[in-house]
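*Asks:* fold the following, please.
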Amino acid sequence: MTIFEAYNSTKKKLEAAGVKDFVFEAKQIIMHITGFTPTQILTDYNKPLTEFQENNLVAIVHQREVHYPLQYIFGNWDFYGRNFKVGVGVLIPRADTETVVEAALEQVKDINAPKILDLCAGSGCIGITLDLEKSDSEVTLLEKYDEALRYAKENIELNKSKAVALKGDIFEKPQFEDESFDLIVSNPPYISEEEMKYCSPEVKFEPETALFAQDDGLEFYKAIIENYTSILKENGSFCFEVGFKQAEKVANLLKANGFNVKIKNDLNGIGRCVLGTKDNGGN
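*Replies:* Predicted coordinates for the structure are as follows:
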């Protein structure tokens, strides 16, 4: 089987299995099993696969046919131009979250040595990216679950970041002093029971603890605002990723607590990030 034949076969099988981005994924799988770049695949498309590569291809396609996430199969995924380790027990980095990173960077661009806290950090992709993009920052990652915390620490090492990962629960009293941070960023669980009906089949393999929230998906935002406002500096900000149709609801929570609010759209024009700035004492 040549590379070209393998690509076409993979594409057809993924499409038949109902994989949404079957063209993109077929290319990613061929790149993964061959180690080739996109250019090499185009120039060497008639090169035959080795027996090992064919067996690997079959195994990967079988897993994708049952919608096991491609990111978990590979064990890593790119986010904001960097590679992050992922696996069972940690939320998969998504392109939409890059909107949050960009909003956060804009918020701290003029602050000298900003102190940043990433809550519900998961793989650490947000906090680590902020640390590396804003090199004078001091970034702390907070994550409750041991498996996800392990990935965060591995990704700090992998990306040569100076961020620090700590174990902690946002529903408990913060382990930091008052007015410690210039920015608190979070992509918390926000999928409501109703929204679960519309999630892709792949989502069922990701940890429920990183996805679902009570109170119509607002449970974590309310807890963070209540427990962490005191550790924001004056004029410090919250920067939240939010789900579909949640931006106004989260914005209203922040406004009710004395914050000036902005909503940032993702590339699809959906309100994806809510910024709340503490103005002389959000409460």
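*Asks:* middle-most residue in this structure, spatially?
*Replies:* Nearest residue to the geometric centre of the chain (Cα atoms, centre = their mean): residue 93, 3.3 Å.
*Asks:* wasn't it part of a helix?
*Replies:* No. Counting by DSSP: H, G, I helix; E, B strand; the rest coil, residue 93 falls outside a helix, being coil.
*Asks:* export stretch 97-116 as PDB, just CAs?
*Replies:* Below are the C-alpha coordinates for stretch 97-116, written out as PDB (Å, rounded to 0.1, in the frame of the first residue of the first chain):
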ATOM      1  CA  THR A  97      -9.100  28.300  23.500                       C
ATOM      2  CA  GLU A  98      -6.500  30.300  21.600                       C
ATOM      3  CA  THR A  99      -9.000  33.200  21.700                       C
ATOM      4  CA  VAL A 100      -8.600  33.200  25.500                       C
ATOM      5  CA  VAL A 101      -4.800  33.200  25.300                       C
ATOM      6  CA  GLU A 102      -4.900  36.200  22.900                       C
ATOM      7  CA  ALA A 103      -7.300  38.100  25.100                       C
ATOM      8  CA  ALA A 104      -5.200  37.400  28.200                       C
ATOM      9  CA  LEU A 105      -2.000  38.500  26.500                       C
ATOM     10  CA  GLU A 106      -3.600  41.700  25.400                       C
ATOM     11  CA  GLN A 107      -4.700  42.300  29.000                       C
ATOM     12  CA  VAL A 108      -1.200  42.000  30.400                       C
ATOM     13  CA  LYS A 109       0.900  43.300  27.600                       C
ATOM     14  CA  ASP A 110       1.700  46.600  29.300                       C
ATOM     15  CA  ILE A 111       2.100  45.200  32.800                       C
ATOM     16  CA  ASN A 112       5.700  44.700  33.900                       C
ATOM     17  CA  ALA A 113       6.300  41.100  35.300                       C
ATOM     18  CA  PRO A 114       2.500  40.300  35.600                       C
ATOM     19  CA  LYS A 115       1.500  37.600  38.100                       C
ATOM     20  CA  ILE A 116      -0.900  35.200  36.400                       C
END
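*Asks:* just the buried residues of it, please?
*Replies:* Along stretch 97-116, these residues count as buried under the neighbour rule (16 or more other Cβ atoms under 10 Å): 97-105, 107-108, 111, 114-116. Every C-beta, even on glycine, is put in place using the N, C-alpha and C of the backbone.
*Asks:* now stretch 152-172
*Replies:* By neighbour count with 16+ other Cβ under 10 Å, stretch 152-172 contains the buried residues 152-156, 158-159, 161, 163, 165, 168-170.
*Asks:* how about the CA coordinates for it, as CSV?
*Replies:* Presented in CSV, the C-alpha positions along stretch 152-172 are these (Å, rounded to 0.1, in the frame of the first residue of the first chain):
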residue,chain,number,x,y,z
ALA,A,152,0.6,19.9,33.4
LYS,A,153,3.9,19.3,35.0
GLU,A,154,5.1,17.2,32.1
ASN,A,155,4.1,20.0,29.7
ILE,A,156,5.9,22.6,31.7
GLU,A,157,9.1,20.5,31.3
LEU,A,158,8.4,19.6,27.7
ASN,A,159,8.0,23.3,26.7
LYS,A,160,10.8,24.6,29.0
SER,A,161,8.4,26.8,30.8
LYS,A,162,9.1,28.4,34.2
ALA,A,163,5.4,28.2,35.2
VAL,A,164,4.7,26.4,38.5
ALA,A,165,1.9,23.7,38.8
LEU,A,166,0.1,23.3,42.1
LYS,A,167,-2.7,21.0,43.4
GLY,A,168,-5.8,23.0,44.4
ASP,A,169,-9.6,23.1,44.3
ILE,A,170,-11.4,26.3,43.2
PHE,A,171,-14.3,25.5,45.6
GLU,A,172,-12.0,25.9,48.6
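*Asks:* hmm, who's touching that stretch?
*Replies:* 82-85, 118-125, 127-128, 131-132, 139-144, 146, 149, 174-175, 186, 188, 220, 223-224, 227-228 (Cβ atoms under 8 Å, 6 or more residues apart in numbering).
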